[in-house]
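Novice: My questions concern the predicted model and sequence given below.
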Amino acid sequence: MPSTLLEKVWNAHTVRKLPNGQTQLFVGLHLVHEVTSPQAFDMLAARGWRVRFPDRTVATVDHIVPTRDQRRPFFDAMAEEMLVALERNCRAHGIRLFDLSSGRQGIVHVIGPELGLTQPGMTIACGDSHTSTHGAFGAVAFGIGTSQVRDVLASQCLALDPLKVRKIDVGGSLQPGVYAKDLILEIIRRLGVNGGAGYAYEYTGEAIARMTMDERMTICNMSIEGGARVGYVNPDDTTFAYLRERPSAPPEADFDRAVEWWRGMRSDPDAAYDDEVTLDGASVRPTVTWGINPGQSIYVDERLPRPDEVPPQGRAALEEALAFMGWRAGEPIQGTKIDVAFLGSCTNGRLSDLREAARIVRGRQVATHVRALVVPGSQAIRIAAEREGLDRVFSEAGFEWRGAGCSMCLAMNPDRLEGREVCASSSNRNFKGRQGSPSGRTLLMSPAMVAAAAVAGEVVDVRGIATNAR
Amino acid sequence: MPVEQIVRIGGTVLPLRGDNIDTDRIIPARYLKAVSFDGLEQHLFADDRAQAAPGVHPVDDPRYAGASILLVNANFGCGSSREHAPQAIRRRGFRAVIGGSFSEIFFGNSVALGMPCVSAAREDVDRMMRAVEDDPSLALDLDLTVMSVTGAGLVVAVTLPPGAREAFLSGAWDATGLLLDRFEDVERVAGRLPYVSGW
């Protein structure tokens, strides 16, 4: 019977049907970080359990690491304690840890793919909602909480309810100045921040087929922002080419056999879906969020919505968002003054993102009232970018060039907004308080748009800016 | 593991209005800087409460002190997977959440804590909100055997995915024991996956 990738991966990893009707699913790769794991290790110890598949478990440190001064012990004693706990737990259980001295440390969703740990047809779990990122490779990847981290450590399994699949078919190709970030913001705007509840999102169609792995990761990363815990792209030659020769990918001698198995994990052409949506990629324009959830976005050349333009049940949310942001309905978003520009995160902190931003920044200066920072997603990306001279492009323009980590995406480290600052951000969430100041304001956009805003000092349309080739 | 069946939860109710209340609002990230969940309850909705006038946020409103049911709107708990959010709610004394709908990860985290999150129709949530705002002393009774909430003349049908409901009723909501039950089956599945056993 024709089936979707989700069904194939699900079936290949099903251990059994549990008495309560849920499925016990084997987890092929468990990624661990310092914030959601210490309590899980403690629960494990309290029950006398051990980690059953330490070689299917990989850890790194990302959320709490300072990006400016990374010397140990960290200035923040609690951050230091969290890292010490992770080091101790990994040592005790024989888990590989990519720490700051490894040269491979980075945001967990950046290093998994980079190391070739993330592969098609796998099930992946991590105590972080942006685990959906790994779906870009045709893996089924779940964000989980700490009790489930404990479950996976102890049993390498999760108890899950079945998911439906929505096929999101994006035709055409994205226009110049329009990026994967704009497309996923468009999908979330159309389908709603809760539209994906109960679904896995399968992204397909010409525009997706044309995308690089970095772009597909940006799309899958923000599935959770549309309410879909899982998002994936069927693996293809782009996927296989990316994986070849990565340190943890199948070795060359096995690679063709692996590709054969991976090809079998694609959705069949005549698979049945629970829902299907089509979109024209060519119609998408550069997009900016104006509110307090990622669905509250407009094209950069549009105006903020008015209460009379939205359905009655949406008015309270619109008014709450406008009040928090301090903006009036009907105003243009273009020209909105910014205070901070943040380039980074598991959504848009990869090398191609930094290259696109650098094309805008090269030969220009960050506006005098803006503080701007670039935080590479991993140490490897930082090194690769420096080899290309991107660090100098950013530094000469007035950006701070930082070490790898989650940084200002969630502000569990020294990088954060102050007071009512407005931040043009390449990250994934514009929730109230998300970037560390309870009253801080976040505008989500593509890295190129962040770079353009940093230079202009206000929100501008990146399509109107000439890029400066080397 | 001790088995605790969760069948009925009754008590007064704290109403918290708003769709899409994310876990960053439930527990801001700075309070995740810890190696235990102890004390999280103090910081439940910390920023929202600090921005409201004193005593105005429902969590600080003395009329709702001691409530054991949290009543919310749609897509509650969206965003970050932090279990710290349901932990903070549970540790503050709430034993169930009734709402329009819940994000999947928040829902799953709550199951693992033995805290049911049941969904009701929008108009029923509105009726319950108005009822408890009018009379904060009003107690509601959630019964998972018949999947209803009753109290103060209201009878509201609620839903819960069958697996979670069965887990609460049987006391098997703490999944780890169950997952370890037949470990030879886990090893068998691992052994037939080429990326685990070898290409």
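Specialist: Structure received.

Novice: Longest strand of chain B, counting residues only.
Specialist: Identified as the longest strand of chain B according to DSSP state E is strand B:8-15.

Novice: name the helices or strands packed onto whichever helix or strand comes after that strand?
Specialist: Toward the C-terminus, strand B:8-15 is succeeded by helix B:23-26 as the next helix or strand (DSSP states H and E). Helix B:23-26 sits against helix B:84-91, with contacts defined as 3 or more C-beta pairs under 8 Å, 6 or more residues apart in numbering or on different chains; DSSP states H and E. C-beta: built from backbone N, CA, C; applies to glycine.

Novice: residue ranges with poor pLDDT in chain B?
Specialist: Counting by pLDDT under 70, chain B shows low-confidence ranges at B:1-2.

Novice: now the helices for it?
Specialist: B:23-26, B:46-51, B:84-91, B:104-112, B:122-134, B:162-170, B:176-180, B:183-191, B:194-197 (DSSP state H).

Novice: Relative to A:Asp69, which of the ones you listed is closest?
Specialist: Closest approach to A:Asp69 among those is made by helix B:23-26 (26.0 Å; C-beta to C-beta).

Novice: Pass me the low-pLDDT residue ranges in the stretch 251-400 of chain A, would you?
Specialist: Low-confidence segments of the stretch 251-400 of chain A (pLDDT under 70): none present.

Novice: Residue numbers of it in contact with chain B?
Specialist: Applying C-beta under 8 Å from any C-beta of the partner chain, one finds that the stretch 251-400 of chain A approaches chain B through A:254, A:257-258, A:261, A:293, A:313, A:316-317, A:320.

Novice: Scan those residues and report the most crowded one.
Specialist: Highest neighbour count within these: A:Asn293, with 25 neighbours (other C-beta atoms under 10 Å in any protein chain shown).

Novice: could you dump the helices of chain B to a markdown table with mean neighbour count?
Specialist: Rendered in a markdown table, the data for those read as follows (neighbours: other C-beta atoms under 10 Å in any protein chain shown):
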| stretch | mean neighbour count |
| --- | --- |
| helix B:23-26 | 26 |
| helix B:46-51 | 17 |
| helix B:84-91 | 26 |
| helix B:104-112 | 27 |
| helix B:122-134 | 17 |
| helix B:162-170 | 19 |
| helix B:176-180 | 20 |
| helix B:183-191 | 15 |
| helix B:194-197 | 16 |
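
Novice: In TSV, list the ones you listed along with distance to A:His109.
Specialist: Converted to TSV, the helices of chain B look like this (distance: least, C-beta to C-beta, whole Å):
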stretch	distance to A:His109
helix B:23-26	18
helix B:46-51	26
helix B:84-91	20
helix B:104-112	15
helix B:122-134	34
helix B:162-170	28
helix B:176-180	25
helix B:183-191	24
helix B:194-197	19
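
Novice: As a check, name the ranges of all strands in the stretch 351-470 of chain A.
Specialist: Assigned strands in the stretch 351-470 of chain A, in chain order: A:371-374, A:399-401, A:422-425, A:441-444 (criterion: DSSP state E, counting those that start in this stretch).

Novice: and the third one, which strands flank it?
Specialist: Partners of strand A:422-425 in the sheet, by DSSP bridges, are strand A:340-343 (parallel), strand A:441-444 (parallel).

Novice: Turn those strands into JSON lines, including mean neighbour count and distance to A:Glu206.
Specialist: Compiled in JSON lines, the strands paired with strand A:422-425 are given as follows (neighbours: other C-beta atoms under 10 Å in any protein chain shown; distance: least, C-beta to C-beta, whole Å):
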{"stretch": "strand A:340-343", "mean neighbour count": "28", "distance to A:Glu206": "29"}
{"stretch": "strand A:441-444", "mean neighbour count": "27", "distance to A:Glu206": "25"}
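
Novice: who wins for proximity to A:Glu400 among the ones you listed?
Specialist: Closest of the strands paired with strand A:422-425 to A:Glu400 is strand A:340-343, at 10.2 Å (criterion: C-beta to C-beta).

Novice: Stretch B:69-82 vs chain A: in contact?
Specialist: Yes - Stretch B:69-82 reaches chain A (C-beta under 8 Å from any C-beta) through B:74-75, B:78-82.

Novice: what distance separates the start and the end of that stretch?
Specialist: 21 Å (C-alpha to C-alpha, to the nearest Å).

Novice: of the residues of stretch B:69-82 next to chain A, buried ones?
Specialist: B:74-75, B:78-82 (16 or more other C-beta atoms under 10 Å in any protein chain shown).

Novice: what residues are up against residue 157?
Specialist: Assuming you mean chain A. The neighbourhood of A:Cys157, defined by C-beta atoms under 8 Å, 6 or more residues apart in numbering or on different chains, consists of A:15, A:24-27, A:151, B:179, B:186.

Novice: That was the other one, I meant chain B.
Specialist: Applying C-beta under 8 Å, 6+ apart to B:Ala157 gives the contacts B:120-121, B:124, B:147-148.

Novice: So for the residue nearest to A:Leu100 when sequence neighbours are not counted, what's the pLDDT?
Specialist: Nearest residue to A:Leu100, sequence neighbours excluded (C-beta to C-beta, 6 or more residues apart in numbering or on different chains): A:Gln70, at 5.6 Å. As summarised for this prediction, A:Gln70 has a pLDDT of 94.
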